[in-house]
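# just the structure for this:
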Amino acid sequence: MNQAKNGDTVKVHYRGRLENGRVFDTSQGGPPLGLKIGTGKLIPGFEKAIIGMKIGNTKTITILPEEAYGPRYNELVLDVKKSDFPEDIIPDIGKKLQLRQPAGDVVHAIITDINEDTVTLDANHALAGRRLTFDIELVAIA
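Below is the predicted model of the structure:
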């Protein structure tokens with residue numbers, strides 16, 4: 001039976017959990033996730049975990065931040081004056097924003113706190129700095 005290797009296109013079912021056990025993403029109840037191993041479209045630790053699996057194999061792995069979404073960076077948490085917000089944006093905790101940098105790049109941020117004069121924006125990935133546990137089942141190798 002073939003083992004998944006770099007360059008293979010595979011299909012997997014997965015369930016991703018945080019350290020407290022909360023499920024943050026899953027393919028259960030839907031179609032399996034299709035991916036080509038080694039293209040870098042998924043976090044490195046997830047792709048590496050699939051290598052060597054055979055169809056029907058299951059495994060549970062824990063991925064450290066360095067092999068997932070990276071560490072959290074304090075410099076990506078910014079306090080912005082409310083007066084600097086466009087009039088058409090009403091700050092609300094949890095609201096997602098797209099910020100355009102001077103060079104034209106778009107940065108995604110979420111509002112995490114609101115004070116009398118400032119709004120706190122966090123541009124870290126929501127899963128940055130987190131250990132992630134995945135239950136993976138290899139369904140197909142193409």
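# with adjacent residues omitted, what lies nearest to the most centrally placed residue in the chain?
Central residue check for the chain by C-alpha atoms, centre = their mean: the C-alpha nearest the mean position is that of Leu127, 5.4 Å away. Nearest non-adjacent residue to Leu127, counting by C-beta to C-beta, 6 or more residues apart in numbering: Tyr69, 4.5 Å away. Bear in mind the C-beta positions are built from the backbone N, C-alpha and C, glycine included.
# the one you found - how many residues pack around it?
As a burial measure, Tyr69 scores 18 neighbours (other C-beta atoms under 10 Å).
# so who does it touch?
By C-beta atoms under 8 Å, 6 or more residues apart in numbering, Tyr69 lies in contact with Ile43, His125, Leu127, Ala128, Gly129, Arg130.
# and for Leu42?
Taking C-beta under 8 Å, 6+ apart as the criterion, Leu42 is in contact with Leu35.
# and it, how far from Lys5?
16 Å (C-beta to C-beta, to the nearest Å).
# quick one: low-confidence ranges for the protein?
Scanning the chain for pLDDT under 70 picks out 1.
# hmm, who's touching the helix or strand hosting Val139?
Val139 belongs to strand 132-141 when assigned by DSSP states H and E. Strand 132-141 is contacted from outside by 2, 4, 8-19, 24, 32, 43, 45-46, 49-50, 53-63, 68, using C-beta under 8 Å, 6+ apart.
# quick one: buried ones out of the residues you listed?
Buried members of the contacts of strand 132-141, scored by 16 or more other C-beta atoms under 10 Å, are 4, 8, 10-17, 32, 43, 45-46, 49-50, 53, 57, 63, 68.
# and after the helix or strand containing Lys59, which helix or strand comes next?
Assigned by DSSP H and E, Lys59 falls within strand 58-63. Using DSSP H and E, the helix or strand that follows strand 58-63 towards the C-terminus is strand 77-81.
# just checking: what are the partner strands of whichever helix or strand comes after that next one?
Per DSSP H and E, strand 77-81 leads on to strand 96-100 as the next helix or strand towards the C-terminus. With DSSP bridges as the test, strand 96-100 is paired with strand 106-114 (antiparallel).
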